[in-house]
Structure formats: C-alpha cells, structure tokens
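[1] structure of the sequence below:
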Amino acid sequence: MKQITLLLVACAFSLLAGGGSSAAKKSDNPAAEISAVLTDLDDAASKADYERYFSHFAADAVFLGTDATEHWTLAEFKTYTKARFANGSGWTYMMASRHIYFSEDQNVAWFDELLVNARYGQCRGTGVLVKENGKWKVSQYHLTIPIPNELAERVVAMINKRAQPK
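    Residues are numbered from 1 along each chain as shown. Sure, this is the predicted structure:
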C-alpha cells in the first residue's frame, strides 16, 4: 500500500513539475504569446467586449482603418469603438494565416495576417507590438483590403472618380 501511495505522490509531483515546465515554455515562446494576443483581440471585437479589446493596446497606439481617412489615436479609436460596442455591434475577422517577426532584442514584434470578414471578404491586418511590463501590447494596427493586381487599375479609377469635385 505504501508503494502505491508513494507512486501516486511521485506521479502527482511529476505532473505538477511538468505543468510548471510547460508554463515556463509558454512564456518562452513570444510568437505564441503574440498570436494569443491577436486572437483574443479579434475575439473581443467580435463580442463587442470594449474592456478586453482595449486591454491589448499600448497607451500610445494608433489604428489605421481601411479608409484613407481612418488614422486614429487610441483616444479617437476608443470613442468610435465605445459607441459601436455599446449597442453590441462589434466586428468579426477570422484569421486565415499569420506571420510574426521580432526585433533582435525581442521587445518589438511586427506581424501580417490574412483575415476573412463576412462583409469585406479577405482582408489583411498588419501591425506592431511592443513588450510593456512583460506583456505584448499593440502599438499600431492597420486593417486593409488587399486588391488583386488585375483589379487594381479599375479600383484606383473608381477611387479617383469619387475624389473629383462635382
């Protein structure tokens, strides 16, 4: 009976030690940490969760939207988002692929990702994250709609036509 008890204690200790080791490995994987931040950012937006969404942004963050006029400081973007999220309306972008890169000192990262949205189809998110107090924060986010090369001239012509005074 003592051997079984010792075996159970040894197994439990081994599991606890292994769990601590896995947790340490997770914190040693900055790409996984950044991916988790970006995935949670998307999830919070889809659920119109204002507090969770903005917990991922640096204090001096900038958000660039799909329209050329959408260059928002964090305060401006919070004002826009608060009104939209207040009625439960967020936005849903599902990540299709993501690439993450790091500065040599591992304190700055940048990413590009392809996203899918029900209204806009394929989109691209790019941005920069900085490590603040051990946590990755979005410093800049840029959402774009990639235009296939064979459509680019027509799209540019439509934009130029719209911009001309009437």
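
[2] got the CA positions of stretch 96-107 in PDB?
    Output of stretch 96-107 as PDB, limited to C-alpha atoms (Å, rounded to 0.1, in the frame of the first residue of the first chain):
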ATOM      1  CA  ALA A  96      -6.600  32.600 -42.000                       C
ATOM      2  CA  SER A  97      -2.800  32.900 -41.800                       C
ATOM      3  CA  ARG A  98      -0.400  34.900 -39.600                       C
ATOM      4  CA  HIS A  99       3.300  35.700 -39.800                       C
ATOM      5  CA  ILE A 100       5.200  37.200 -36.800                       C
ATOM      6  CA  TYR A 101       8.700  38.700 -36.800                       C
ATOM      7  CA  PHE A 102      10.900  40.100 -34.000                       C
ATOM      8  CA  SER A 103      13.500  42.800 -33.300                       C
ATOM      9  CA  GLU A 104      16.900  41.500 -32.300                       C
ATOM     10  CA  ASP A 105      16.200  42.300 -28.600                       C
ATOM     11  CA  GLN A 106      12.800  40.500 -28.800                       C
ATOM     12  CA  ASN A 107      11.000  43.600 -27.300                       C
END
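
[3] got a list of contacts for that stretch?
    Here stretch 96-107 makes contact (Cβ atoms under 8 Å, 6 or more residues apart in numbering) with 30-31, 34-35, 38, 108-116, 122, 130-131. For the C-beta atoms, the positions are set from N, CA and C on the backbone; glycine is no exception.

[4] now with 10 Å, please.
    Outside stretch 96-107, the residues that touch it by Cβ atoms under 10 Å, 6 or more residues apart in numbering are 30-35, 38-39, 108-116, 122-126, 128-132, 136.

[5] now, those that are in strands?
    Among those, DSSP state E puts 108-116, 122-126, 128-132, 136 in strands.

[6] now the buried members of those.
    Buried residues within the ones in strands among the contacts of stretch 96-107, counting neighbours by 16 or more other Cβ atoms under 10 Å: 109-111, 113-115, 123-125, 128-131, 136.

[7] quick one: contacts for the residue most central in space within the chain?
    Nearest to the geometric centre of the chain sits residue 38, at 2.3 Å (Cα atoms, centre = their mean). Residues near residue 38 by Cβ under 10 Å, 6+ apart: 56, 95, 98, 100, 111, 113, 115, 125, 127, 129, 136, 138, 141.

[8] in this structure the first one contacts residue 136, no?
    Think residue 56. Yes. Counting by Cβ atoms under 10 Å, residue 56 does reach residue 136; the two are 8.1 Å apart.
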